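Peer 1: got a structure for you, letters missing:
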C-alpha cells in the first residue's frame, strides 16, 4: 500500500488507477453505462490482463456479432437477468457473405470466445435464424470457460464446444435445439442443466480426439422438450472417438430406446465411448440400448468428478 501511495504522489499512477482493478465495465443500450454495445466493452479490456475484468450487461436485446480474442483473458460477463439480457445474431451456414461464399457452420456463430478463463453468468446466447440448417449461437475455443445460469437457444448446432483440449463447464444452463445441438471436441461438463429437444434429432455430436480421456459428461441433467416420443438420440459420433456420458440424468420420453446412433458407420461402434449411469425417466431404457453402449458400474462412475475430469481445475458455481 505504501508503494502504491508513493507512486500516486509522484505522478507515476494516473487518475483512477488506484481503483482500476476493481472497476466494472457497464453496458447499457440507453447510454446509462460505459458502453452501448457489448463489443465496445470487450474491446476496452486490456490485452493479457492478469486480473479478472468484469463486464456487467444491463437488460436488453443486443444484436451483435461478438468476438472475444485470445488476448482478452480472465473476462467475466454478468447479465442483469438471464431472461432479459440477450446476446443474439441470425447468421446460418448457407447464408452468403459479402463475397458470395457460404458462411459455413463456424462462420454462423453469434459469439466467438477465444480468451482463456472466461465466465458468463445470467446471459442468454441465441441464434435467431430459425430452422435453416446449422446456425451456431455460441462458439468456444478458450480454455477454462464457465457458463453459470445461462441459456443457449437455437435449432441445429446451437452450442459449438469447439476447442480441442479445451475445458468447459456449464452449470444450471438451459440449452435448446434439434440436430447435434451440442457438438464439438472440447472436454465439457454439463451439471444440473436442462436440454430441450424441439424436434426429432440428436442431443450431442462429440468430436473428441483420441488424445483426451473425456468428451461430454452430463451430471444430474434433465432432457425435456416438444419432440415426439422416441424421436431423439442421446448422441452420434461426429468423429470416430466421440465421447458422451450421462450420469444420474432424467431422460424424457423423446429419447429413443436404443439411445445412440453410429452416424451410418459401423466402424464408429469400435471407437466411440457412450455410457450411462443410473439414469431415470421414460427415456432411460438400459436393457434396450445399442449393444456397443455401456452401463457404468459404481466404481467406474466414481471417476466422474469435476477434479478428475478437468485435471485439477474446479470451476466455481457462483
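Peer 2: Looks like it arrived, so ask away. Quick caveat: nothing in here was measured; it's all calculated off a predicted structure.
Peer 1: Now do the buried residues in stretch 294-306.
Peer 2: 296, 301, 304, 306 (16 or more other C-beta atoms under 10 Å). All C-beta spots, glycine's among them, are computed from the backbone N, C-alpha and C.
Peer 1: Likewise for stretch 207-218?
Peer 2: Of all the residues in stretch 207-218, those buried under the rule 16+ other C-beta under 10 Å are 207-208, 212, 214-218.
Peer 1: Let me have the residues you listed in CSV, extended by pLDDT, distance to residue 145 and secondary structure.
Peer 2: Output for the buried residues of stretch 207-218, formatted as CSV (pLDDT from 0 to 100; distance: C-beta to C-beta, whole Å; DSSP: H, G, I helix; E, B strand; the rest coil):
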residue, pLDDT, distance to residue 145, secondary structure
207, 98, 17, coil
208, 97, 16, coil
212, 95, 16, coil
214, 97, 15, coil
215, 98, 16, coil
216, 98, 14, strand
217, 98, 15, strand
218, 99, 17, strand
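Peer 1: between these, which is nearest residue 97?
Peer 2: Distance ranking of the buried residues of stretch 207-218 against residue 97, using C-beta to C-beta, places residue 207 first at 24.4 Å.
Peer 1: in the chain, what spans have low per-residue confidence?
Peer 2: Across the chain, residues meeting the criterion (pLDDT under 70) sit at 1-22.
Peer 1: one step back: restricted to helices, list the buried residues of stretch 294-306.
Peer 2: Taking DSSP state H as the definition of helices, the buried residues of stretch 294-306 contribute 301, 306.
Peer 1: Could you report the separation of the nearest residue to residue 140 once chain neighbours are set aside from residue 23?
Peer 2: Nearest residue to residue 140, sequence neighbours excluded (C-beta to C-beta, 6 or more residues apart in numbering): residue 113, at 4.7 Å. Residue 113 sits 22 Å away from residue 23, going by C-beta to C-beta, to the nearest Å.
Peer 1: In terms of neighbours, single out the busier of those two.
Peer 2: Applying other C-beta atoms under 10 Å to residue 113 and residue 23 shows that residue 113 carries more neighbours, namely 28 against 12.
Peer 1: For the more buried one, list the residues it contacts.
Peer 2: The contact partners of residue 113, by C-beta atoms under 8 Å, 6 or more residues apart in numbering, come to 68, 138-142, 145.
Peer 1: Okay, helices next: where are they in the chain?
Peer 2: Secondary structure of the chain, counting by DSSP H: helices at 2-9, 38-43, 104-107, 268-271, 298-301, 306-309.
Peer 1: any idea which of those helices is most buried?
Peer 2: helix 38-43 (a mean of 18; mean count of other C-beta atoms under 10 Å).
Peer 1: got the contact list for that one?
Peer 2: The contact list for helix 38-43 (C-beta under 8 Å, 6+ apart) reads 25-27, 34-35, 55, 57, 62, 64, 66-68, 72, 75, 77, 87.
Peer 1: how about 6 Å then?
Peer 2: Under the criterion C-beta atoms under 6 Å, 6 or more residues apart in numbering, residues 25, 27, 35, 55, 62, 64, 66, 68 lie in contact with helix 38-43.
Peer 1: Grab the nearest non-local neighbour of residue 180.
Peer 2: Leaving aside its chain neighbours, residue 180 sits nearest to residue 205 (3.7 Å; criterion: C-beta to C-beta, 6+ apart).
Peer 1: beta partners for that neighbour?
Peer 2: Taking DSSP bridges as the rule, residue 205 bridges to residue 183.
Peer 1: Now do the contacts for it.
Peer 2: Contact analysis of residue 205 by C-beta under 6 Å, 6+ apart lists 180, 183, 236, 238.
Peer 1: Restricted to strands, list those.
Peer 2: Among the contacts of residue 205, the members falling in strands (DSSP state E) are 180, 183.
Peer 1: how about CSV for the contacts of residue 205, with distance to residue 153 and neighbour count added?
Peer 2: Below are those laid out as CSV (distance: C-beta to C-beta, whole Å; neighbours: other C-beta atoms under 10 Å):
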residue, distance to residue 153, neighbour count
180, 15, 25
183, 15, 29
236, 22, 25
238, 21, 19
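Peer 1: Farthest-apart pair in the contacts of residue 205, please.
Peer 2: 183 and 236 (9.7 Å).
Peer 1: Now do the closest residue to residue 111 other than its chain neighbours: how many residues are near it, please.
Peer 2: Leaving aside its sequence neighbours, residue 111 sits nearest to residue 66 (C-beta to C-beta, 6+ apart; 4.3 Å). By the criterion of other C-beta under 10 Å, residue 66 has 20 neighbours.
Peer 1: Test my guess that residue 66 contacts residue 109.
Peer 2: No: judged on C-beta atoms under 6 Å, residue 66 makes no contact with residue 109 at a distance of 8.9 Å.
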